[in-house]
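A.B. asks: Need coordinates for the below:
(one chain, ligands or ions: 1)
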Amino acid sequence: MDHGRFLSGAQRAALREQGYVCLPGLMPAAMLDAMRRRVEALAALEGERAGSEFKPEPGALRLANCVDKGEVFREAIVLPAVLEAVAEVLGPHFKLSSLNVRTALPMNGIDQPLHRDMGAVPDAQGDWVCNCIWMLDDFTADNGPTRAVPGSHRLRDLPADPRARHPDEVHITGSAGTVVVMNAHLWHGGLANRTARPRAALHSFFCRADKPQQQYQKRLLRPETQAALSPQLRRLLALDDPENDRMSADVAVTSGFLK
Ligand SMILES: O=C(O)CCC(=O)C(=O)O
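C.D. replies: Sure, this is the predicted structure:
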């Protein structure tokens, strides 16, 4: 794995201190285009079943198990700059926990509550969850940008009212192709989409190697997908890790706020 070749000192400091960093233009144009097309095709193909491997969310369309659903997703999760940023949060030993798409639907009228992914609180070894939000559309002030409270990854409790606006929250906007790498202990959530167009993002969610995956990849991936994976992808997905089998095979899928 590459360490220290892509992120500047300021970007590392932002991740450490604010709890997130925006990496504009990180997705090559061809990858962005192919991913958008694949997301559109999958949404049409899966219809009502879309996202059924995870949890339904009112006001959003979800696609889950994306490693199994397109070469473009498998290419994205090994982009070296993103892996370097994830390692900055989790240390050198980590794995993919889940790979989902979330589209905030037009005029959905729903702010997600401030949450930590999986409700995760840092443990004695430190931080153990990191999420990467790949902007497949421009994130604007109106179409459901991600809100976040900088520095809150160092706090233990969530705010008293996670649905309320927080005085310190920032709204993360950017152009399609930007990747936001976020310490997922940070209080964050998607805001309501107040426009007539959908706002899509891919979430590549990682966890430290000693923690269970949110979605057990070995069970979700079809045998033919598994057979074609590179050694790097097999490692990242923990396919040959008996400890991961023990930890992840039987845990209930957990979200930071969805039932
Ligand atoms: O899509 C976003 O802006 C953030 C979504 C999020 O935090 C979540 O679904 O847990």
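A.B. asks: Can you tell me which residues in the stretch 101-250 of the chain are near the ligand?
C.D. replies: Residues of the stretch 101-250 of the chain found near the ligand (C-beta under 6 Å from any ligand atom) are Arg102, Gln112, Asp117, Ile133, Thr146, His188, Gly189, Gly190, Ala201. All C-beta spots, glycine's among them, are computed from the backbone N, C-alpha and C.
A.B. asks: is it true that the third one touches Leu258?
C.D. replies: No. In this structure Asp117 lies outside contact range of Leu258 using C-beta atoms under 8 Å: 10.8 Å.
A.B. asks: What helix or strand is Gly189 located in?
C.D. replies: In the assignment (DSSP states H and E), Gly189 maps to strand 188-190.
A.B. asks: Neighbouring strands of whichever helix or strand comes after that strand in the sheet, and parallel or not?
C.D. replies: Downstream of strand 188-190, the next assigned helix or strand under DSSP H and E is strand 199-208. Here strand 199-208 has these sheet partners by DSSP bridges: strand 94-104 (antiparallel), strand 129-135 (antiparallel).
A.B. asks: What sits closest to the most centrally placed residue in the chain if chain neighbours are left out?
C.D. replies: Centroid-nearest residue in the chain, with C-alpha atoms, centre = their mean: His203, separated by 2.8 Å. Nearest residue to His203, sequence neighbours excluded (C-beta to C-beta, 6 or more residues apart in numbering): Asn100, at 5.1 Å.
A.B. asks: Tell me the predicted confidence for the one you found.
C.D. replies: pLDDT, Asn100: 97.
A.B. asks: And the residue of the stretch 1-150 of the chain found nearest the ligand, its phi and psi?
C.D. replies: As assessed by C-beta to the nearest ligand atom, the ligand sits closest to Thr146 within the stretch 1-150 of the chain, at 3.5 Å. With angles defined as degrees, to the nearest 10, Thr146 shows backbone torsions of phi -80, psi 130.
A.B. asks: tell me, which helix in this protein spans the most residues?
C.D. replies: Secondary structure assigned by DSSP state H gives helix 29-46 as the longest helix of the chain.
A.B. asks: and that one, does that touch the ligand?
C.D. replies: No. Helix 29-46 is not in contact with the ligand by C-beta under 6 Å from any ligand atom; minimum separation 13.2 Å.
A.B. asks: in that helix, what counts as buried?
C.D. replies: Of the residues in helix 29-46, Met31, Leu32, Ala34, Met35, Arg38, Val39, Leu42, Ala43, Glu46 count as buried by neighbour count, 16 or more other C-beta atoms under 10 Å.
A.B. asks: how about TSV for those, with pLDDT added?
C.D. replies: Below are the buried residues of helix 29-46 laid out as TSV (pLDDT from 0 to 100):
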residue	pLDDT
Met31	98
Leu32	98
Ala34	98
Met35	98
Arg38	98
Val39	98
Leu42	97
Ala43	96
Glu46	93
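A.B. asks: coming back round to it: hey, what's the residue nearest to the centre of the chain bridged with?
C.D. replies: Following DSSP bridges, His203 is listed with bridge partners Asn100, Ile133.
A.B. asks: Let me see the confidence value for it.
C.D. replies: We have a pLDDT of 98 for His203.
A.B. asks: That one touches Met135, doesn't it?
C.D. replies: No. The pair His203 and Met135 fails to qualify as a contact (C-beta under 8 Å) at a distance of 11.1 Å.
A.B. asks: Under a three-state scheme, what state does Arg165 occupy?
C.D. replies: With DSSP: H, G, I helix; E, B strand; the rest coil as the basis, Arg165 sits in coil.
A.B. asks: just the strands in this protein please.
C.D. replies: 20-23, 60-63, 94-104, 129-135, 146-148, 170-172, 179-183, 188-190, 199-208 (DSSP state E).
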